[in-house]
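J.: quick one: sequence plus predicted model below, questions after.
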Amino acid sequence: MSKGNNKSFSLRARLMLGATVMVFVFLLGLYPALQQIFTRALEQAVEQRLASDASALISAAQVVDGRLQMPAKLPDEEFPVLPARQLGFIYDSQGQLVWRSRSAAEHQVDYQPRYDGKGHEFTRAWDQQGQAFFVYDVEIDLLRGSDAAYSIITMQPVRDYRPMYKSLKRQLYIWLAGSLVFLLGFLWLGLGWGTRSLRHLGRELDEVENGQRKALSDDHPNELLRLTRSLNRLLDSERQQSQKYMHSLDDLAHSLKTPLAVLQGVGEVLARTPDNAEQASTLQTQVGRMSQQIGYQLQRASLRKSGLLRHRVRLEPVVQTLLDALNKVYHNKQVKVEQLYPGELRMPIEQGALYEMLGNLLENAYRLCLGHIRISAGNNKGFCELLIEDDGPGVPVSQRERILQRGARLDTQNPGQGIGTAVVKDIIESYDGQLLIEESELGGAKFRVLLPLN
Amino acid sequence: MKLLVVEDEALLRHHLHTRLTEAGHVVDAAADAEEALFRVKEFNHDLAIVDLGLPGMDGMELIRELRSQGHTFPVLILTARGNWQHKVEGLAAGADDYVVKPFQFEELEARLNALLRRSSGFVQSTIEADILSLDLNRKQASIEGEMLQLTAYEYRILEYLMRNHQQVIAKERLMEQLYPNDEERDANVIEVLVGRLRRKLEAGSGFKPIETVRGQGYIFNEPCR
């Protein structure tokens, strides 16, 4: 199950998933820092604003006879120096409140300045209702003497900045989300471009498997070239090995079967003398057995499955070639062959094995039919299914198991070596498939071949 | 029938030569493709039996060459490999049937006779011409059910003329059917044999199917089926 799930994730999807997780983690780390920078910038703006308000108060203040005097009308009452929500306080160096703006009258902010001549301070304070204020506290000596030293304090409620803060934060979210989508989109396209060469390689491999191409091209990125060239060398060596192997098998077949044919002839000549009949019959039986074994083993040996490639061979041309051959051999029978399968159907089996399997099944059908054969095929539930039916005598249920055994032969009158169906069964089993013998609606046998597609 | 056997294994070639001659054929045997090509150039054959595993030019190439030279006689393949790609390739190259080694002679003979019948247009194993009937399997002729006592040579002439009915057959062609290529031939022998055959056909029934075409040969002038 887990194997299947791993298979379904493409390399592109895996890289995309990894990159998405990485980007998210990166943004999660980046977000608090961005927020902090943004808050700092906002607070600096507030500080500057309050500092300028404090400057307005300082310029309005006068010290007469050592006492602070504020104008009856503050500039904020003539000019909008201090907006209504801003508060202004002036304390002397002992910490006594000597003046406050009118707007400050309603608020009891818990802030007590300490005059220590350190210049200015920006901080926060809370009133009795728990409302937070930004506080700007500047110390000033109006007459250059401790008698006229004051703390000028301006405040503004933090909540005045909340809408601005929220809106900026929302904008930050939108920008971040936007850049994330943009980044992932680019990443997807980039990965597509990056893995294009792998898809190209996949297509070329398909073509090799379909027999449309002998080797992979050199039209690949440097990183893949070593792989494709190694694969080509492997394919070439497998092909050469297989050819050499086939030639050796041909030689072996010729060098074993021709002497057997001579022995068969000798047996026939011997059989003519009544005294030798028994020996001749023994000789002929043994020659027959040897020949059957050699034929069977040679056929099996020649049908080795390629380990490198899975095969997908078009059914139609193979069927057509075999029908041309069989129509020639069974010329007098005038067999009608019905073909019911899509023209583009490909079988998951090596070409030589397909020829052997179909050749044996079709020859049986030609030999035993009255005049009608049906070939049907198609893909169904993970299997490629092939049916060969005829209108011959069919195979009795009791003999169906036996016919699939090695060397079994139901019909000793007809030509053939009796190993055809056993070879068919061997081929199918080597591809993890199944061979079933059933009854056909045409009246004869129905051979059902099931080959797994993967 | 005049057959060409191409087989490199001397013992098997000898066996086929003997058995096919016994079966009433005139056999021309060759050990390789080059010799076979020479023989088909010199003589007219009715069928060739070709082993696919020949040394030098192999059987497959020989069949292609025979077909490209315009020879239309049937070709029966002998093959050691029983695999289908091999058989299909041989049949596509121009062969008409195959027999896998080792084989029983009866099987080879049955395939060979079927091919000979097919090539002369006769699907059945008997050829009929009016009251005359020829049994190709038993190699016997009968008129109105009455068996004719023919010698092997007389039968061969009659079968050849009937297979090629309504065609003029030269005496040389008939001689090739009767004698292996390397024996001396005498045209007078054919005249004597045809004369005897005519008399046996005429006796009793007055049936006269064989006519002489002056300077050209003989013709079996009754339609056969």
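T.: Looks like it arrived, so ask away.

J.: the chain: strands as residue ranges?
T.: In the absence of a named chain, chain A is used. Along chain A, counting by DSSP state E, strands occupy A:62-64, A:67-69, A:87-92, A:97-100, A:120-126, A:132-141, A:149-157, A:313-314, A:336-340, A:346-347, A:372-380, A:383-390, A:434-439, A:445-452.

J.: my bad, chain B
T.: Using DSSP E, the strands of chain B run over B:2-6, B:26-30, B:47-51, B:75-79, B:97-100, B:126-129, B:132-135, B:140-143, B:146-147, B:168-169, B:210-213, B:217-220.

J.: can you add distance to residue A:329, mean pLDDT and mean neighbour count and give the ones you listed back as a markdown table?
T.: Where C-beta positions appear, they are placed from N, C-alpha and C, glycine not excepted. Below are the strands of chain B laid out as a markdown table (distance: least, CB to CB, whole Å; pLDDT from 0 to 100; neighbours: other CB atoms under 10 Å in any protein chain shown):
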| stretch | distance to residue A:329 | mean pLDDT | mean neighbour count |
| --- | --- | --- | --- |
| strand B:2-6 | 19 | 94 | 24 |
| strand B:26-30 | 23 | 93 | 22 |
| strand B:47-51 | 15 | 95 | 25 |
| strand B:75-79 | 10 | 92 | 25 |
| strand B:97-100 | 5 | 90 | 22 |
| strand B:126-129 | 23 | 86 | 18 |
| strand B:132-135 | 24 | 89 | 19 |
| strand B:140-143 | 28 | 90 | 18 |
| strand B:146-147 | 34 | 88 | 12 |
| strand B:168-169 | 30 | 90 | 18 |
| strand B:210-213 | 35 | 91 | 14 |
| strand B:217-220 | 30 | 92 | 21 |
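
J.: and of these, who's closest to chain A?
T.: Chain A lies closest, by CB to the nearest CB, to one member of the strands of chain B: strand B:97-100, at 5.3 Å.

J.: quick check, the closest one touching chain A?
T.: Yes. Using CB under 8 Å from any CB of the partner chain, strand B:97-100 reaches chain A at B:97-98, B:100.

J.: what lies in contact with that strand?
T.: Outside strand B:97-100, the residues within contact range by CB atoms under 8 Å, 6 or more residues apart in numbering or on different chains are A:257, A:295, A:328-329, A:417, B:74, B:76-82, B:87, B:90-91, B:107-108, B:111, B:114-115.

J.: stretch A:134-144 too?
T.: By CB under 8 Å, 6+ apart, the list of residues contacting stretch A:134-144 from outside reads A:43, A:46-47, A:50-51, A:53-54, A:58, A:61, A:63, A:66, A:68, A:109, A:111, A:113, A:115-125, A:148-158, A:161.

J.: buried among those residues? Need that as a selection in PyMOL.
T.: This is how PyMOL selects the buried members of the contacts of stretch A:134-144, with burial counted by 16 or more other CB atoms under 10 Å in any protein chain shown:
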select buried, chain A and resi 46+47+50+51+53+54+61+109+111+113+115+121+122+125+148+149+150+151+152+153+154+155+156+157+158+161
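
J.: intersect the contacts of stretch A:134-144 with the contacts of chain B.
T.: Checking these against chain B (CB under 8 Å from any CB), there are no matches.

J.: about what we covered before: the residues of strand B:97-100 next to chain A into JSON lines, with extra columns for distance to residue A:389?
T.: Formatted as JSON lines, these follow (distance: CB to CB, whole Å):
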{"residue": "B:97", "distance to residue A:389": "25"}
{"residue": "B:98", "distance to residue A:389": "25"}
{"residue": "B:100", "distance to residue A:389": "26"}
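
J.: helices of chain B, start to end?
T.: Using DSSP state H, the helices of chain B run over residues B:10-22, B:33-42, B:59-68, B:84-93, B:105-119, B:152-163, B:171-178, B:187-202.

J.: list the buried residues of the second one.
T.: This points to helix B:33-42. For helix B:33-42, the neighbour count (16+ other CB under 10 Å) marks B:33, B:36-37, B:39-40 as buried.

J.: run the chain-centre distance for it.
T.: In terms of CA atoms, centre = their mean, to the nearest Å, the centre of helix B:33-42 is found 17 Å from the chain centre.

J.: sorry, back to before: dump the strands of chain A to CSV, plus mean pLDDT.
T.: As requested, the strands of chain A are exported to CSV (pLDDT from 0 to 100):
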stretch, mean pLDDT
strand A:62-64, 78
strand A:67-69, 78
strand A:87-92, 86
strand A:97-100, 84
strand A:120-126, 89
strand A:132-141, 88
strand A:149-157, 87
strand A:313-314, 90
strand A:336-340, 94
strand A:346-347, 91
strand A:372-380, 94
strand A:383-390, 95
strand A:434-439, 91
strand A:445-452, 94
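
J.: closest to residue B:202 out of those strands?
T.: Shortest distance between residue B:202 and the strands of chain A, using CB to CB, is found for strand A:336-340: 46.5 Å.

J.: paired strands for that closest one, with orientation please.
T.: Its sheet considered, strand A:336-340 pairs with strand A:372-380 (parallel) by DSSP bridges.

J.: which residues touch the partner strand?
T.: Under the criterion CB under 8 Å, 6+ apart, residues A:315, A:319, A:335-342, A:345, A:347, A:362, A:365-366, A:384-391, A:440, A:442, A:453 lie in contact with strand A:372-380.
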